[in-house]
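> Sequence and predicted model, in that order:
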Amino acid sequence: MNALNSMTALTTMSALNPMNPIFLLLSIQAAMGAFDNLWHHELQAKLPQRPSARYELTLHAAREAIYSVVFIGLAWFEWRGAFAGLLAVMLLAELVITLADFLEEDRTRRLPPLERVLHTVLTISYGLFLGLLAPVLLGWAQQPTAMAFTPHGWVSCLLTAYGIGVLAWSVRNARAVVRLGRSVAPPTQRPATAHLPSPYLHPAPAATLVTGATGFVGSALVADLVRSGQRVIVLTRDALQARASFVAGVWVVDTLDAIPPETAIDAVVNLAGARVLGMPWTAARRRTLLSSRVDTTVALVTLMRRLQKPPRVLVSASAVGFYGASPNASMEPLDETAPPRPGEFQSDLCAAIEHEARRAEALGVRVVRMRFGVVLGHGGGAYPMQALAARMGLGAVLGHGRQPAPWIHLADAVGLVRFAIAHPALQGPVNAVAPDAVTQATFARVLATSFGRRAWLRLPGLPLRTVLGEMSTLLLDGQNVVPSTALGQGYRFVHPRLSGALADLAQANTAGTSVAHAKY
């Protein structure tokens, strides 16, 4: 019997040498899990900013906490006796949590193909890990209960780093769950929203139709409309996410054909479009950016034609890129009368969107072409990543730093849309930017100051232009845009100064806390 125990011990010790497949699989899980968290959960789905994702974030936090114990525990110890059973229970709990996570994801959002493939690979890898670890745990279970200190050189240090990282992410997700819970009103009974045309037909009050409603500005606008008692129709490609995100009073459709001709729609806000800053502007990407905006605008005008009563107003999102980004003209003040710059992609893109939107004017619809600057707020856009870099002391001046950086706080982005809907005299182009025009260097400095840091880095322009091509104009060139029309029509900015806007964002828990104060 002693010989058998000695053989089992030797087998167990050799099973966990630094080149063991168990450690290799753990490393693969760590790498793929980190990519899944950062790319899919953080950048794509933006789960920490979505109130509807609280349950999914809770599952993620629990699973990551288990992984942190597994990584660090296996890095330094043999789990003998009863501790082997405890480890087995944790590993099975992770499996149950993952299954629950799969069900929640299918219920609340549409996973992109890459995320589904990655989840499949992660599941297979975890199954292999359990299969390899099972006999080791069995050997440990037959020994006296103890946590035997058994380091494995550099592998132990590597797994410890994994464990600390995943534990930090677990804490971050747990804090997001608490924060989102505080920001959301008590849940109300939600009706099924798949078939709700009747509340939006006469004689009920007319609704506001919002496209791009699950996006950064769109979700804030819908929340603000609902808070003010408005009826809202949402057009989205991801009906699952929308129905999980929005409360009662929001009718979700994934095609405009689902809206009957007799539907009473007072206003249309078109915010749809793929993200401009991100993937390189290849020929295919340019087609995607164009079609995601123009096709939706064409479909909206088609809807207006078949409605028994066209909407009163269309607010169509464009951008300050309408004015181009030529360095020679970047310091000239540009009001709404300034022309586009044909031949520059971002100018041509905005001009095409506005051209299609103006077709609604023939139907008697008042058209407001909202030319947004960079919208600053939590939950999306450029600010979260910029804020993270600034908080870590990595704020940077891009190129020479003298290029204008037109910006607007999310509260005013929503406020200007509501202002455009409510004021019959407002039509045509509107520069949706704050009156405080700053350079990129000033923006970087003020952003760093809002976190008590300094912007000491400088990224040369030439490498950025080489790597990013024409898309680099979004970072290295700019437009000195002024909100002449908004100010002339009497709009009062909630955050007219950059220092106040960034201080508000640095202190705010959610974007919605500031949006509610906008004046329409």
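Nice, I can see it. Keep in mind that what you see is a predicted model, and the values were worked out from it rather than measured.

> Pop out the phi and psi values for residue 276.
Note on residue 276: its backbone torsions stand at phi -80, psi -40 [degrees, to the nearest 10].

> shouldn't it be in contact with residue 319?
Yes: here residue 276 lies in contact with residue 319, judged by C-beta atoms under 8 Å, at a distance of 7.5 Å. In this view, the C-beta of every residue, glycine as well, is placed from N, C-alpha and C.

> For those two, list the residues in contact with both.
residue 346 (C-beta atoms under 8 Å, 6 or more residues apart in numbering).

> Just want to know which of those two has more residues nearby.
residue 319 (24 against 18; other C-beta atoms under 10 Å).

> got the contact list for the more buried one?
Residues in contact with residue 319 (C-beta under 8 Å, 6+ apart) are 276, 346, 350, 371-373.

> Not counting its neighbours along the chain, what's nearest residue 276?
What sits nearest to residue 276 in space, not counting adjacent residues and going by C-beta to C-beta, 6 or more residues apart in numbering, is residue 289, at 6.2 Å.

> so which strand or helix has that neighbour?
helix 283-306 (DSSP states H and E).

> Now that helix: buried residues?
288-290, 293-294, 296-297, 299-301, 303-304 (16 or more other C-beta atoms under 10 Å).

> Kindly report the same for stretch 342-358.
By neighbour count on 16+ other C-beta under 10 Å, the buried set for stretch 342-358 is 344-351, 353-354, 356-358.

> Let me have those in CSV, extended by distance to residue 87 and pLDDT.
As requested, the buried residues of stretch 342-358 are exported to CSV (distance: C-beta to C-beta, whole Å; pLDDT from 0 to 100):
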residue, distance to residue 87, pLDDT
344, 60, 92
345, 55, 92
346, 55, 93
347, 60, 94
348, 60, 95
349, 55, 95
350, 57, 96
351, 62, 96
353, 57, 96
354, 61, 97
356, 60, 96
357, 60, 97
358, 65, 97
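
> ok, the residues you listed vs residue 502, which is closest?
residue 346 (24.8 Å; C-beta to C-beta).

> Show me where the stretch 1-150 of the chain has its helices.
Using DSSP state H, counting those that start in this stretch, the helices of the stretch 1-150 of the chain run over residues 2-15, 21-35, 54-76, 82-108, 113-141.

> between those, which one is nearest to residue 464?
That would be, of the helices of the stretch 1-150 of the chain and by C-beta to C-beta, helix 21-35, which comes in at 24.2 Å.

> and that closest one, which residues are buried?
Across helix 21-35, burial judged by 16+ other C-beta under 10 Å covers 22-26, 28-30, 33.

> same question for that helix, mean pLDDT?
Taken as a whole, helix 21-35 has a mean pLDDT of 88.

> And the contacts of that helix?
With C-beta under 8 Å, 6+ apart as the test, helix 21-35 has contacts from 15-16, 67, 70-71, 74, 118, 121-122, 125-126, 128-129, 132-133, 136, 152, 155, 158-159, 162, 165-166.

> again with stretch 398-408
320, 327, 330-331, 372-376, 416, 431-434, 437-444, 458-461, 464, 475-481, 498, 501.

> hmm, which of these are the buried ones?
320, 330, 372-376, 416, 431-434, 437-444, 461, 464, 475-481, 498, 501.

> Of these, which belong to strands?
The strands, defined by DSSP state E, take in 372, 374-376, 431-432, 480-481 from those.

> can you put those residues in CSV and add distance to residue 507?
Output for these, formatted as CSV (distance: C-beta to C-beta, whole Å):
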residue, distance to residue 507
372, 24
374, 20
375, 18
376, 14
431, 27
432, 24
480, 29
481, 27
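
> low-scoring pLDDT stretches of the stretch 101-250 of the chain, where are they?
Scanning the stretch 101-250 of the chain for pLDDT under 70 picks out 182-205, 247-248.

> the strands in it, which residues?
Assigned by DSSP state E, counting those that start in this stretch, the strands in the stretch 101-250 of the chain fall at 146-149, 207-211, 232-235, 250-253.

> Make a markdown table out of the ones you listed and add distance to residue 485.
Formatted as a markdown table, these follow (distance: least, C-beta to C-beta, whole Å):
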| stretch | distance to residue 485 |
| --- | --- |
| strand 146-149 | 69 |
| strand 207-211 | 22 |
| strand 232-235 | 26 |
| strand 250-253 | 30 |
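
> hang on, the earlier thing: now find how far off-centre the helix holding residue 289 is within its chain.
Counting by C-alpha atoms, centre = their mean, to the nearest Å, helix 283-306 is centred 22 Å from the centre of its parent chain.

> again with stretch 436-445
Relative to its chain's centre, stretch 436-445 lies at 24 Å (C-alpha atoms, centre = their mean).

> Quick check: end-to-end length of it?
15 Å (C-alpha to C-alpha, to the nearest Å).

> average pLDDT for it?
On average, stretch 436-445 scores 94.

> before we move on, what about stretch 323-335?
Rounded mean pLDDT across stretch 323-335 is 73.

> Pull out the buried positions in stretch 219-234.
219-226, 230-234.

> Stretch 309-320 now?
Under the neighbour-count criterion of 16+ other C-beta under 10 Å, stretch 309-320 has 310-311, 313-320 buried.

> how near is the nearest residue to residue 74 once chain neighbours are set aside to residue 456?
The shortest distance from residue 74 to any non-neighbouring residue, by C-beta to C-beta, 6+ apart, is to residue 159 (6.6 Å). Residue 159 sits 34 Å away from residue 456, going by C-beta to C-beta, to the nearest Å.

> More neighbours: the two, which one.
residue 159 (22 against 13).

> isn't the more buried one right up against residue 69?
No: using C-beta under 8 Å, residue 159 is not in contact with residue 69; the gap is 11.4 Å.

> got any residues that touch both of those two?
Joint contacts of residue 159 and residue 69 (C-beta under 8 Å, 6+ apart) do not exist.

> which residues sit in contact with residue 137?
Counting by C-beta under 8 Å, 6+ apart, residue 137 touches 79, 84, 87-88.

> In the residues you listed, which residue is surrounded by the most others?
Going by other C-beta under 10 Å, residue 79 tops these with 25 neighbours.

> Correct me if wrong: that one contacts residue 89.
No: the pair residue 79 and residue 89 does not pass the contact test of C-beta under 8 Å, sitting 11.2 Å apart.

> what residues are up against residue 44?
Counting by C-beta under 8 Å, 6+ apart, residue 44 touches 112, 115.

> measure it to residue 486 for me?
Using C-beta to C-beta, residue 44 is found at 32 Å from residue 486.

> Please apply the same query to residue 311.
Relative to residue 486, and taking C-beta to C-beta, residue 311 is found at 22 Å.
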